[in-house]
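1. have a look; sequence and predicted model below, questions after that.
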Amino acid sequence: MFEPKVFRGRRRQLLKSLTSGIVLLPGNGESPMNYVDNTYPFRQDSTLLYYGGIDRPGLFLVIDIDDGTTTIFGKEPTVTDILWSGPQPGLAELRERSGAEKVDDLSALDGALTHAIQQGREVLYLPPYRAETRCQLEDLLGLKPGQSLLKHSEELARAVVVQRSIKEPRELAEIEIALETTHAMYSAAMQATCVGKFEREIAGLVEGIAIAGGGRLAYPCILTKLGQVLHNHHYHRRLEAGDLVVQDSGAATELGYASDITRTYPVSGTFSVRQREIYQAVLDSLMHSLASVQAGRPFRDSHLVAARMMTDSLQQVGLMRGNLDESVAAGAHALFFPHGLGHMMGLDVHDMENLGEDIVGYDNEIARSEQFGLRALRFGRAPAPGYVLTVEPGCYFIGPLIDQWKTEKRHEAFINYNEVDNWRDFGGVRIEENIVVTAEGCKILGPPIPKSIADVEDACS
């Protein structure tokens, strides 16, 4: 855990961007799987973690903008709590850990907020992403059902996004720790994958390594031979000769910092000729887009660099045709590359997107496109040094999408549908790195995980 002065400094920095009132940051509670006492693994709200560093359910952080004080509202652990869950820090210890000035019982929060509202003071809160948090806010602030989503503070959300976007050295160190574990996850998965195993055997191995690393998975593991299904979380298929595995997984540290890596590798240990062609197309798109990342240059440009490289490669294979620039401008490549190049990453694997994806990824200079494929780009604006991003181009053969476009005769000038039909059972390929933007360009974070064809085949042998 970071030192208390870290959290005090972050709160002071936040208050410089706000005028007056009270900031209310609800922590998360336990979330039942199927009955109250059987809960999912607890995950604290990332904004409360960032400004308070407190990883315990059922807490609220209240920051007084006018006098600069922070109060933690919660309940002292009971004997029953200790009986079932072991020793837990009391409110006084949480105050010390977070550098807060005050603590109070949770029962006092309603009165404190009511008093502030009666004084005409504004209560600022972020958009709730859990139903129970929304209900809590509506009860505490006297809002009608649904109003909490409408009345959240965009001023606060934008201030948080500005601050959390620049990763401190200590945060980068945590992400590196997460990537060390992720490296071990991929090494084990590539070595263990072979004909006859089930996806679930490899996925279970990966999750076990994440837990053994001191944290958990940053998000549910994607490990599938159906790479054309972008978010496939089913692991029931047997791996056969000639299959490709798309593994999209990342560990999170004990403090909550994420990693997010994707690799594609052959079950048999070597790529076929066709697999090599598509894999190399994706790898070339990755390397060119990485080289294009610059502070002050819109990340959307890097997405289009990847799209252009992908289109060029697919033209060489015979899947696309026509003028290269016109094809990319029309968005014809999105039949094969329908998602965005990447997103922010930090305490959240899609960092801060709960605050508003467009607030995080777009601004007055770069607006989200309405074009299919490009509109799925989560982060389009220009990054600054200290931004951590994923870069993850992919190429997929999605049967229903092919059928729809072919029926509509969409982009016939640029897509060779007769040849595409010969590839519809291919699946998909995605390769992903995590980077930090620097003054010179960008730096790939974490230890190298095999991604060239030769290195992947060597790791799988």
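-> Perfect, thanks for sending it.

2. next one: phi and psi at residue 404?
-> For residue 404, the backbone dihedrals are phi -60, psi -50 (criterion: degrees, to the nearest 10).

3. could you measure from it over to residue 392?
-> Using Cβ to Cβ, to the nearest Å, residue 404 is found at 24 Å from residue 392. (Glycine included, C-beta is placed from N, CA and C.)

4. higher neighbour count, those two?
-> residue 392 (24 against 12; other Cβ atoms under 10 Å).

5. now do the contacts for the more buried one.
-> For residue 392, the contacting residues are 260, 262, 286, 341, 342, 430, 431, 432, 433, by Cβ atoms under 8 Å, 6 or more residues apart in numbering.

6. take those residues and keep only those in strands.
-> The strands, defined by DSSP state E, take in 262, 430, 433 from the contacts of residue 392.

7. secondary structure element for residue 204?
-> helix 199-212 (DSSP states H and E).

8. and stretch 224-244, end to end?
-> Criterion Cα to Cα, to the nearest Å; first-to-last residue distance in stretch 224-244 is 8 Å.

9. got phi/psi on residue 187?
-> Torsion angles, degrees, to the nearest 10, at residue 187: phi -60, psi -50.

10. my bad, should have said residue 73
-> According to degrees, to the nearest 10, residue 73 has phi -110, psi 130.

11. would you confirm that it contacts residue 105?
-> Yes - at 7.2 Å, residue 73 counts as touching residue 105 under the criterion of Cβ atoms under 8 Å.

12. who has more neighbours, the two?
-> residue 73 (24 against 11).

13. so that one bridges to which residues?
-> residue 60, residue 104 (DSSP bridges).

14. who are the contact partners of it?
-> Contacts for residue 73 were tallied using Cβ under 8 Å, 6+ apart; they are 59, 60, 61, 62, 103, 104, 105, 106, 108, 109, 112.

15. what about the fourth one, which SS state?
-> What it means is residue 62. Judged by DSSP: H, G, I helix; E, B strand; the rest coil, the three-state class of residue 62 is strand.

16. list the contacts of it.
-> Neighbours of residue 62 in contact, by Cβ under 8 Å, 6+ apart: 22, 23, 24, 25, 70, 71, 72, 73, 109, 112.

17. and the closest residue to residue 435 other than its chain neighbours, how many neighbours?
-> Excluding the flanking residues, the one nearest residue 435 by Cβ to Cβ, 6 or more residues apart in numbering is residue 442, at 4.3 Å. When neighbours are counted by other Cβ under 10 Å, residue 442 registers 24.

18. pick the one among the ones in strands among the contacts of residue 392 closest to residue 382.
-> Nearest to residue 382 among these is residue 433, at 19.4 Å by Cβ to Cβ.

19. now for the closest one, how many residues are close by?
-> Residue 433 sits with 24 neighbouring residues when counted by other Cβ under 10 Å.

20. for residue 128, same thing?
-> Look at residue 128: counted by other Cβ under 10 Å, it has 19 neighbours.

21. before we move on, what about residue 118?
-> Residues lying near residue 118 (other Cβ under 10 Å) number 8.

22. now do stretch 347-359, average pLDDT.
-> Averaged across stretch 347-359, the pLDDT comes to 97.

23. in it, what counts as buried?
-> By neighbour count with 16 or more other Cβ atoms under 10 Å, stretch 347-359 contains the buried residues 347, 348, 349, 350, 351, 352, 353, 354, 355, 356, 357, 359.

24. could you work out the most separated pair of these?
-> Maximum pairwise distance among the buried residues of stretch 347-359 (Cβ to Cβ): 17.6 Å, between 349 and 359.

25. turn the ones in strands among the contacts of residue 392 into a markdown table, columns for pLDDT and distance to residue 417.
-> As requested, these are exported to a markdown table (pLDDT from 0 to 100; distance: Cβ to Cβ, whole Å):
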| residue | pLDDT | distance to residue 417 |
| --- | --- | --- |
| 262 | 98 | 28 |
| 430 | 98 | 23 |
| 433 | 99 | 32 |
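
26. mind putting these into TSV with distance to residue 449?
-> As requested, the ones in strands among the contacts of residue 392 are arranged in TSV below (distance: Cβ to Cβ, whole Å):
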residue	distance to residue 449
262	10
430	13
433	8
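
27. circling back to that earlier point, most neighbours, which of the contacts of residue 392?
-> Going by other Cβ under 10 Å, residue 341 tops the contacts of residue 392 with 32 neighbours.

28. these two touch, right, that residue and residue 299?
-> Yes - using Cβ under 8 Å, residue 341 is in contact with residue 299, at 7.1 Å.

29. so what strands line up beside the helix or strand that the helix holding residue 204 is followed by?
-> Counting by DSSP H and E, the next helix or strand C-terminal to helix 199-212 is strand 216-217. Strand 216-217 has these partner strands in its sheet, going by DSSP bridges: strand 251-252 (antiparallel).

30. average pLDDT for the partner strand?
-> Averaged over strand 251-252, pLDDT sits at 98.

31. what does that strand rub up against?
-> 178-179, 181-182, 185, 209-210, 213, 215-218, 258-259, 349.

32. go on, stretch 348-359?
-> Applying Cβ under 8 Å, 6+ apart, the contact partners of stretch 348-359 are 46-47, 126-127, 129, 154, 157-158, 160-161, 164-165, 218-219, 250, 252, 258-260, 343-346, 360, 368, 378, 388.

33. quick one: the strands in the stretch 351-461 of the chain?
-> 388-391, 394-396, 428-430, 433-437, 442-444 (DSSP state E, counting those that start in this stretch).

34. out of those, nearest to residue 315?
-> Here strand 394-396 is closest among those (Cβ to Cβ), at 12.9 Å.

35. residues in contact with that closest one?
-> With contacts defined as Cβ under 8 Å, 6+ apart, strand 394-396 is touched by 227-228, 230, 262, 278, 281-282, 310, 314, 336-339, 427-431.
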